[in-house]
Each structure stands twice: as C-alpha cells, then as structure tokens.
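# Attaching a predicted model along with its sequence, questions to come.
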Amino acid sequence: MSRMASRVASLGTTIFAEMTALATAKGALNLGQGAPDFNPPPEVMTWAQEALQTPCHQYAHGWGYPEVRSAIVEHARHFYGQTLDPQREVLVTNGATEGIFAAMQGLVEAGDEVILLEPFYDSYLAGVLMAGGVPRFVPLHAPTWTFDPQELRAAFSPRTKLILLNTPHNPTGKVFSRAELQFIADLCQEFDVLALSDEVYEHIVFEGAQHVRLATLDGMAERTLTLSSLGKTFSVTGWKIGWALGSADLVSAVNRAKQYISYASASVLQWAAVAILNWTPHYVPALQAMYSAKRDLLLSALQASPLIPSPPQGTYFIMADTSALKCADDRAFAAWLVEAVGVACIPPSAFYNAAHRSLAQNWARFGFCKTDETLHAAAHRLERLTHLA
Ligand code: PMP
Ligand code: GLN
C-alpha cells in the first residue's frame, strides 16, 4: 500500500522533469523544459558575485530585504505606473511557483471555486487541489487562444473565489489584449472575485503585442494579486527569486502561508536582485531583440516542416499543430519525436485537466530559450520530418 498522502498521490511527475529526463537519456536537443541553455547576461553574473561578498548569508527578512522590495516597487512604477507600499504590498517569494502555492493556501477556502483558463501552467491545478479548492475550467480556443465570453461568464458563480490568469501565456504564447482583460475584470467585479495574475513573461513580448497588467485596470488594484519573477527575464530560472504584489490584505494572506513554507527566500540572490531589478529598463530592449530573433529561427524551422506553428505574441514558447504526423496523441508524438529526430518538446496535455486532455492531442510545445546553435541544430533535425509525414 502506498504511503503517499492522497492529496499528492494523483499529481504524478511534472512533464518538465519527465521530458528533460527523456531528452537527457536519449541525447535529444531539449526544446521541452523552458530553461535557457545559456548563461545570464554578464552584468547579472557580476552582481551575483558581488552579492556573495556582501554580509547577507543569514535569513533574510521574511518579506524580503527592504532594498529588494523597494526595487520591485520601483519596477512596477516604471513599467506600469503602479504605486505600491514596499512595507505591506510586496512579498519576495521562492520563484512565482511558491507565490502560486502560497496564494492558494492563503486565499482559497476548502470548497471555494477557482477558475482556470485551459491550457494552464501545470502547478495551478496542483495548487488549487492542495488547498481544497474546486477548479472550474474554461477553454482557450486555437488558433487565437481566446476564451468564449459566454463560456467564461458561465464559469463565474457566487461560489467563485478567484480566477487564475497568465499573460503572456504559457504554453500558447498569447498576450491577452486590454479588451479581453477588461472583460475578465468586469466579471471579477460583478461577482466579487479575486484575480491572481501570473506575469512571469511580462518582458518577453514581440512587435505588435503589448503586455497589460491586470491590476492596472479600473477597480482591479484591490482585488488582484500579481506574481512575477527574475527567472525568464534574466535567464536565471534556477535562482527562484519571485514576488507577489497587491493590496496589503492579499499579500499578507500569501505571507501567512509563505512563512511556514520557506520562511524567507535565498538571501544572496535577493541581494543581487536589487541591482538586477534596477537595470531592467536598460536590459529589456536587448532581451526582446534576442528573443524575437530566436522566435523567428524556430518559427521558420517549424514552418518548413509538416508541423503548423501558431506564432506567439510573447513568452519563449511556440505551439505547433502535429496532425500531419498522425500520432495517437500529444504524449505519443513527444516520445516519437525524441526517437525519430532527436528533438524534445512538451506534450501540452499536461496543461489540461484529465477530462479535457484530448483538446491537446494534436499539439506540441517547443521552447526557443536556447542558443542559436541549439536552434540551428534542431532546425536541421526537424527537416527530417518532411520525409516522415
Ligand atoms: N508561471 C508560469 C506561467 C511559468 O511558465 C513558470 C515557469 N517556470 C512559472 C510560473 C514558475 O516561475 P518560477 O520559476 O519563478 O517559479
Ligand atoms: N516554466 C517552465 C516551462 O513551462 C518549466 C518549469 C519547471 O520545470 N517546473 O517549461
């Protein structure tokens, strides 16, 4: 008999761990897990080295060093015009992942309904379930990955506590428009619902798209908890420095949980984050140029293959329709692709509730947070698909 508690037994192994293990075992190019295969910018490395020499090796303040909280608040003012109190309205977390889990623990009562737009980042559902919440799913429809306003409205009820939103969106690369966000904001106000807005890809947006912060829409500041982190912007996914922003009551609810999950976040890396966050406005243009070029590289490789990619407006992922390869489902395709051409992707059914996985059966997610060398090599390998379709 398994000694695993039932609350985790059904969760399985994350698809990221599974596909990375498969790619490593088979020597495939890993376009699966969204982790850069290159170092962060040299400035970031230098600030990390300098932080190591600073006397900041013991527990940081549980909410985060005041200097980091001030830098996060300044970042939010610079990019979004927000005015936040660094003492009460910002909390440093161990990546956005801890923010998601602690927010669910801190805000969701057992039996509360939580709306998830499908596909959703995999830890959302685990977080809702571990808090005893009841998930309600609303599909995003290909190829634009928008929601049907009627379907979304129908998911709201007097039992709804919170909606979980992610823009720019993993895995589809969608950047929600102001009009879509306004529709969500109006429903939140009509039904007195909180929003958790996961904006970890806030700075990875491409020409023509604009990232809008949900919390800046009228009436949303007091009911939105915004999460972000350093990982994607600065190519430091292993650092796990993130933050939660919002009104004092929401942020203190997250901290109530966080203080017993991790107490505080890594002191040295937080210290490095002060200079890094202050540098963001200077770095973002270079970041966007870098990822536009990488997106074009992978997009043209996929366009030259029998796969049909959906061009992303943001993030470092591309969803591609795999129907031409006639595999049983997305997991079978992902396993076959590793064997047949030596490229790993993520089967997006991991971003769907079990009952809705068939919606993902003809899709694969490819990441382009990789060196140009890796992307050229992958393009070369993907050429072989033309002979296999
Ligand atoms: N949210 C989304 C949508 C993500 O893609 C990721 C990537 N890991 C996370 C949250 C987690 O962020 P972090 O690495 O800062 O914990
Ligand atoms: N967010 C990353 C992705 O979507 C992976 C995160 C993880 O490995 N847990 O690929």
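Done, it's in. Residues are numbered from 1 along each chain as shown. Ligands and ions are numbered 1, 2, ... in the order given.
# wouldn't Glu383 be in contact with Pro306 here?
No. Using C-beta atoms under 8 Å as the test, Glu383 is too far from Pro306 to be in contact (10.6 Å). The C-beta positions use only the backbone N, C-alpha and C, and glycine is treated the same way.
# Give me the nearest residue to the residue in the stretch 101-250 of the chain that ligand 1 sits nearest to, chain neighbours excluded.
Per C-beta to the nearest ligand atom, Ser229 is where the stretch 101-250 of the chain lies closest to ligand 1, at 3.1 Å. Leaving aside its chain neighbours, Ser229 sits nearest to Gly242 (3.3 Å; criterion: C-beta to C-beta, 6 or more residues apart in numbering).
# re the thing from before, between Glu383 and Pro306, which is the more surrounded one?
The neighbour count for Glu383 versus Pro306, taken as other C-beta atoms under 10 Å, is higher for Pro306 (18 against 13).
# for the more buried one, what are its contacts?
324-325, 385-386, 388-389 (C-beta atoms under 8 Å, 6 or more residues apart in numbering).
# Count residues in the vicinity of the residue of the stretch 51-200 of the chain found nearest ligand 2, would you?
The nearest approach of the stretch 51-200 of the chain to ligand 2 comes at Asn170, 5.1 Å away (C-beta to the nearest ligand atom). Neighbour count of Asn170, defined by other C-beta under 10 Å: 27.
# I'd say it and Tyr201 touch.
Yes. Between Asn170 and Tyr201 there is a contact under C-beta under 8 Å: 6.8 Å.
# Find the residues that touch each one of these two.
Common neighbours of Asn170 and Tyr201, using C-beta under 8 Å, 6+ apart, are Thr315.
# Find the closest residue to ligand 1 in this structure.
Counting by C-beta to the nearest ligand atom, the chain gets nearest ligand 1 through Gly95, at 2.4 Å.
# Not counting its neighbours along the chain, what's nearest that residue?
Lys240 (3.9 Å).
# what's the neighbour count on the one you found?
19.
# same check, this time on Ser310
Neighbour count for Ser310, taken as other C-beta under 10 Å: 19.
# For it, give me its contacts.
Contacts of Ser310 by C-beta under 8 Å, 6+ apart are 142-143, 145, 172-173, 318-321.
# buried subset of these?
Using 16 or more other C-beta atoms under 10 Å as the burial test, these include 145, 172-173, 318-321 as buried.
# show me where pLDDT drops low in the stretch 51-200 of the chain?
Within the stretch 51-200 of the chain, not a single segment meets pLDDT under 70.
# Helices along that one, start to end?
66-80, 95-107, 122-130, 149-155, 178-190 (DSSP state H, counting those that start in this stretch).
# Contact residues of the stretch 101-250 of the chain facing ligand 2?
Asn170 (C-beta under 6 Å from any ligand atom).
# As JSON lines, the helices of the stretch 51-200 of the chain with mean neighbour count would be great.
Listed next are the helices of the stretch 51-200 of the chain as JSON lines, based on neighbours: other C-beta atoms under 10 Å:
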{"stretch": "helix 66-80", "mean neighbour count": "19"}
{"stretch": "helix 95-107", "mean neighbour count": "24"}
{"stretch": "helix 122-130", "mean neighbour count": "21"}
{"stretch": "helix 149-155", "mean neighbour count": "14"}
{"stretch": "helix 178-190", "mean neighbour count": "17"}
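# I'd like those helices laid out as CSV, including distance to Leu196.
Output for these, formatted as CSV (distance: least, C-beta to C-beta, whole Å):
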stretch, distance to Leu196
helix 66-80, 16
helix 95-107, 6
helix 122-130, 9
helix 149-155, 15
helix 178-190, 11
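# Of those, which is nearest Leu277?
helix 66-80 (3.9 Å; C-beta to C-beta).
# and the closest one, is it in reach of ligand 1?
No. Helix 66-80 is not in contact with ligand 1 by C-beta under 6 Å from any ligand atom; minimum separation 13.4 Å.
# Give me the contacts around that helix.
In contact with helix 66-80 (C-beta under 8 Å, 6+ apart) are residues 63-64, 82-87, 89-90, 92, 202, 213, 215-216, 226, 243, 245, 270-271, 273-274, 277-278, 280-281.
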